[in-house]
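Trainee: this one's structure only:
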């Protein structure tokens, strides 16, 4: 497998299989790519599209995505050893983090519509100003997670660990959705 270090990629439409360390990817449009068994170490993706790409045993270690389109990404298929991700202003709709251990991950100003977080370890995860309509949380560890500023989340406190989890008004009412009650101001 090839090794690429400290290279700036711009406007790429494909990537050679290999290990990428300390590389930057800008305006790369490679939806539906097969990134299986690739390694990305300390890399940054900016204004890229990787939607519906295959991630079987893909390694993401200290990787940041800025303003990227990552729709339908099955992150649960990644190599989970030292999986470290940051997402800023990304669209992650219909993606899955099922059963992943991703403590301390940051989702800032992201669209997380219908994203699956079931059975995931989300300790200390930051969901800052995210839109989370129909995102799934079931048997997830949300201890010390921060949902302040996020909208449209719905999760059942009986089926998730919420110790010291942070919420803000008015969106905290998403914790009561299962009761189908009417709350007026």
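Mentor: All right, it came through fine. What you see is a predicted model, and the numbers here were worked out from it, not measured in a lab.
Trainee: What is the end-to-end distance of stretch 156-169?
Mentor: Stretch 156-169 has an end-to-end distance of 17 Å (criterion: C-alpha to C-alpha, to the nearest Å).
Trainee: got it, and stretch 51-60?
Mentor: Terminal-residue distance, stretch 51-60 (C-alpha to C-alpha): 16 Å.
Trainee: Name the residues of that stretch that are buried.
Mentor: 51, 53-55, 58-60 (16 or more other C-beta atoms under 10 Å). All C-beta atoms are positioned from the backbone trio N, CA, C, and that covers glycine.
Trainee: Residues contacting it, please?
Mentor: 30-41, 69-75, 77-79, 81, 83-85 (C-beta atoms under 8 Å, 6 or more residues apart in numbering).
Trainee: Now list the buried members of these.
Mentor: If we count by 16+ other C-beta under 10 Å, the contacts of stretch 51-60 have these buried: 30, 33, 35, 37-41, 69-75, 77-79, 83, 85.
Trainee: where in the chain is pLDDT low?
Mentor: For the chain, the stretches with pLDDT under 70 are 170-185.
Trainee: hang on, the earlier thing: tell me which two of the buried residues of stretch 51-60 sit farthest apart.
Mentor: Farthest apart among those by C-beta to C-beta are 51 and 59. That separation is 19.7 Å.
Trainee: Tabulate the buried residues of stretch 51-60 in a markdown table, adding columns for distance to residue 9.
Mentor: Listed next are the buried residues of stretch 51-60 as a markdown table, based on distance: C-beta to C-beta, whole Å:
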| residue | distance to residue 9 |
| --- | --- |
| 51 | 18 |
| 53 | 15 |
| 54 | 19 |
| 55 | 18 |
| 58 | 17 |
| 59 | 18 |
| 60 | 16 |
